[in-house]
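# for reference, the sequence and a predicted model appear below.
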Amino acid sequence: YDGKRTVLERGPASLPRVRLASLHAMLPQHRSHTAVVMMDTRPAQLPADAPAAELDYPQLAFELNRGYACQHGYDLLYLRMQAATCRHELLGERHPSYCKLAAVAEALHRGYALVAFLDSDAFFHNLTLSVPQLLSLHRGSRLGGGTSAEPAAASFGVDQPFSFGPNGGVQFWRNTVTCL
């Protein structure tokens with residue numbers, strides 16, 4: 001995706017107990033220990049012959065996050081959902097917010113040490129900060145997850161004053177025993 005790495009169209013994937021059959025992924029060759037993960041029902045990129053006026057927010061956020069990932073040497077995984085929901089092997093059809101966890105689980109299962117999940121309308125504002133620097137900067141706040149020397153296994157963005165809790169649209173996960 002940076003001109004040197006190849007983005008592959010990938011068929012349905014599966015994990016134990018979670019079927020991701022409704023997702024198709026554009027997955028780069030695994031080259032980094034960090035993955036930026038995005039997901040939407042809309043395509044990440046428009047066809048080359050599409051008018052620029054058709055650019056939608058997910059495509060803009062994808063391009064911004066692609067630039068960020070390239071700058072820091074991260075892999076960018078865009079999972080394109082084929083339906084608005086995903087399916088759990090035992091529990092059946094699940095709400096789209098559950099699908100985010102399945103996408104994170106897919107990246108952790110692939111062996112990434114650090115996963116940053118961003119909704120398709122979210123992007124990294126400060127391109128100079130790496131994900132570890134961003135988490136370190138917010139250590140002690142809700143985003144950074146505590147004040148101990150041990151980094152948090154999972155951290156969520158907060159969109160105060162619009163809500164009082166974590167925002168599931170921005171998630172950071174470390175591949176630790178606690179996350180699996």
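That came in fine, so what should we check first? Everything numeric in this text was worked out from a predicted model, so none of it was measured.
# CA atoms for contacts and neighbours, from now on please.
Noted.
# which helix or strand contains the spatially most central residue of the chain?
What sits nearest the mean C-alpha location of the chain, by CA atoms, centre = their mean, is V37, with 2.1 Å. Using DSSP states H and E, V37 maps to strand 34-40.
# partners of that strand in the sheet?
strand 75-81 (parallel), strand 114-118 (parallel) (DSSP bridges).
# any idea which of those strands scores lowest on pLDDT?
Confidence, taken as mean pLDDT, is least for strand 75-81 of these (a mean of 91).
# name every strand pairing with the helix or strand following it and say which way it goes.
Sequence-wise, the next helix or strand downstream of strand 75-81 (DSSP H and E) is strand 86-88. As defined by DSSP bridges, the strand partners of strand 86-88 come to strand 18-20 (antiparallel), strand 92-94 (antiparallel).
# so what's S163 up against?
Counting by CA atoms under 8 Å, 6 or more residues apart in numbering, S163 makes contact with nothing.
# does it belong to a helix, a strand or coil?
coil (DSSP: H, G, I helix; E, B strand; the rest coil).
# give the buried residues for stretch 100-118.
Neighbour-count burial for stretch 100-118 flags 100, 102-108, 111-118 (criterion: 16 or more other CA atoms under 10 Å).
# again, but for stretch 86-103
Within stretch 86-103, the residues that count as buried by 16+ other CA under 10 Å are 86-88, 96, 99-100, 102-103.
# picking up where we left off before, which stretch in the strands paired with strand 86-88 has the least confidence?
In terms of average pLDDT, strand 18-20 trails the rest of the strands paired with strand 86-88, at a mean of 34.
# average pLDDT across stretch 121-141?
On average, the pLDDT along stretch 121-141 is 85.
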